[in-house]
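Novice: need a structure here:
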Amino acid sequence: MSSSHRIVEVIIAENPPKRLDKAIARDVPEAANLSRSRLARLIADGAVKRDGRVMDDSRAKVAEGDVFEIHVPEAEESHIGPEDIPLEIVHEDADLIVVNKPAGMVVHPAPGTPTGTLVNALLHHFGGELSGVGGEKRPGIVHRIDKDTSGLLVVAKSDAAHHGLAKQFEAHSVERRYHAVTHGAPDKGDPRLGGIKGTSFEPGNILKITTQLARHKTDRQKQAVLFSGGRHAVTRARTVEVFGDPAQAALIECWLETGRTHQIRVHMAHAGHGLIGDPTYGGRRKLNAKVIGAAAVEAARTFPRQALHAATLGFIHPVTGENLRFDAPIPADMVALIETLRAGAQTH
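Specialist: Now for the predicted structure:
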């Protein structure tokens, strides 16, 4: 146990859950900013005491009126190394930072990508001035976007921010809007879409996709659409611009009611409008050169990533209560793709 720590007192209220971990998670003071996972680690580490006795069994019985002391150690240095990687910072204050992540950057180190990630870059940017999240001096990742998706991410710099942001993401109250370039264009006049389970249209020609999502049974790197089991997922999409007649591609705006892994990519593919450049869900559709021209066909065929950009991020500041909303313009590679598609559509 670190010699430097704070003590959080938890008094168990009436009708407590039977297990220690659940009772403490319910009754821990909000101001302590301790998540369920953090509390579980603290119990396992012997940091929870009742009447001076260590309580390290998460299943231990508790009773109303029990008083527990949680010894919360000061944040330790992270095992992840800082790296001097340029970042586009959209907003920063004492509690959080909003970054416009470039395509090609992984958010968090993993066995396949131990370095060169957003977390490595942020650790260098903070230069050691980080209060710590979850017991380590590291940025608090509350949501992620895929390596080859560009756009906005909010990252917590303190436990208070991490706790408050995580709650908003769990409640699906965070505004997240994306721009994407799809094969074809979603349209309520398309009879094919009417026959696809989970798809419907709302006023304003807004496509709504409602399914369950879960890891693919045979390809563990993919997500699969289900209608029982898995996790509930809702995506809405609005067509901004159509390229070609008949439509060969479209610029769409998507917004998330839920935020599941690969959600937009797998949902748009389910609707028959996979993202251009998506190696996993995009399918093998080709644009018709007679409709849109050879240059546009080639631009779509060779686009090196899924054409997806996290363009808007809105949330309530978890510490100040201020309403925050940020926009990041479509990046240069997607702009070039859109311009080529537009030029092809206009000349054919």
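Novice: Quote the end-to-end distance of stretch 299-315.
Specialist: Start and end residues of stretch 299-315 are separated by 35 Å (Cα to Cα, to the nearest Å).
Novice: I'd like the average pLDDT over the helix or strand hosting residue 335.
Specialist: Counting by DSSP states H and E, the element that carries residue 335 is helix 332-347. Across helix 332-347, the average pLDDT comes to 96.
Novice: Tell me the gap between it and the middle of its chain.
Specialist: 28 Å (Cα atoms, centre = their mean, to the nearest Å).
Novice: Return it as CSV; C-alpha atoms alone will do.
Specialist: Taking Å, rounded to 0.1, in the frame of the first residue of the first chain, the C-alpha atoms of helix 332-347 are listed here in CSV:
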residue,chain,number,x,y,z
ALA,A,332,-8.2,16.5,-46.8
ASP,A,333,-8.3,12.9,-48.0
MET,A,334,-12.1,12.7,-47.7
VAL,A,335,-12.5,16.1,-49.2
ALA,A,336,-10.5,15.0,-52.3
LEU,A,337,-12.6,11.9,-52.6
ILE,A,338,-15.8,13.9,-52.4
GLU,A,339,-14.6,16.4,-55.0
THR,A,340,-13.6,13.7,-57.4
LEU,A,341,-17.0,12.0,-57.0
ARG,A,342,-18.8,15.3,-57.5
ALA,A,343,-16.7,16.2,-60.6
GLY,A,344,-17.4,12.8,-62.1
ALA,A,345,-21.1,13.0,-61.5
GLN,A,346,-21.3,16.5,-63.0
THR,A,347,-19.5,15.5,-66.3
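Novice: Show me what the longest strand along the chain is packed up against.
Specialist: Counting by DSSP state E, the longest strand found in the chain is strand 231-243. Here strand 231-243 touches strand 206-215, strand 249-256, helix 263-270, helix 332-347, going by 3 or more Cβ pairs under 8 Å, 6 or more residues apart in numbering; DSSP states H and E. C-beta: built from backbone N, CA, C; applies to glycine.
Novice: The third one packs against which elements?
Specialist: Contact here means 3+ Cβ pairs under 8 Å, 6+ apart; on that basis helix 263-270 packs against strand 175-183, strand 206-215, strand 223-226, strand 231-243, strand 249-256.
Novice: Tabulate those (JSON lines), appending mean pLDDT.
Specialist: Shown next, in JSON lines, are the helices and strands packed on helix 263-270 (pLDDT from 0 to 100):
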{"stretch": "strand 175-183", "mean pLDDT": "97"}
{"stretch": "strand 206-215", "mean pLDDT": "96"}
{"stretch": "strand 223-226", "mean pLDDT": "94"}
{"stretch": "strand 231-243", "mean pLDDT": "96"}
{"stretch": "strand 249-256", "mean pLDDT": "96"}
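Novice: Just tell me which of those ends up closest to residue 21.
Specialist: strand 231-243 (23.0 Å; Cβ to Cβ).
Novice: Distance from the chain centre to that closest one, please.
Specialist: The answer for strand 231-243 is 17 Å, by Cα atoms, centre = their mean.
Novice: count of neighbours near residue 333?
Specialist: Other residues within reach of residue 333 by the criterion other Cβ atoms under 10 Å amount to 17.
Novice: Next secondary structure after the helix or strand of the chain with the lowest mean pLDDT?
Specialist: Every helix and strand in the chain was compared by mean pLDDT, DSSP states H and E; the lowest is strand 136-137, with a mean of 52. Once the chain leaves strand 136-137, the next helix or strand it forms, by DSSP H and E, is strand 140-141.
Novice: Partner strands of that following strand and their direction?
Specialist: strand 150-156 (antiparallel) (DSSP bridges).
Novice: what's near enough to touch the nearest residue to residue 198 once chain neighbours are set aside?
Specialist: In space, and not counting its chain neighbours, residue 198 is closest to residue 211: 4.3 Å by Cβ to Cβ, 6 or more residues apart in numbering. Residue 211 makes contacts with 197, 198, 225, 226, 227, 233, 267, 270, as judged by Cβ atoms under 8 Å, 6 or more residues apart in numbering.
Novice: buried subset of those residues?
Specialist: Buried by 16 or more other Cβ atoms under 10 Å: 198, 225, 233, 267, 270, out of the contacts of residue 211.
Novice: what about residue 210, distance to residue 326?
Specialist: Residue 210 is 27 Å from residue 326, where distance means Cβ to Cβ, to the nearest Å.
Novice: do the same with residue 189
Specialist: Counting by Cβ to Cβ - residue 189 and residue 326 are separated by 35 Å.
Novice: Which other helices and strands does the helix holding residue 335 contact?
Specialist: strand 175-183, strand 231-243, helix 289-292, helix 294-302.
Novice: Export the ones you listed to a markdown table and append columns for distance to residue 104.
Specialist: A markdown table is the format used below for those (distance: least, Cβ to Cβ, whole Å):
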| stretch | distance to residue 104 |
| --- | --- |
| strand 175-183 | 17 |
| strand 231-243 | 24 |
| helix 289-292 | 27 |
| helix 294-302 | 16 |
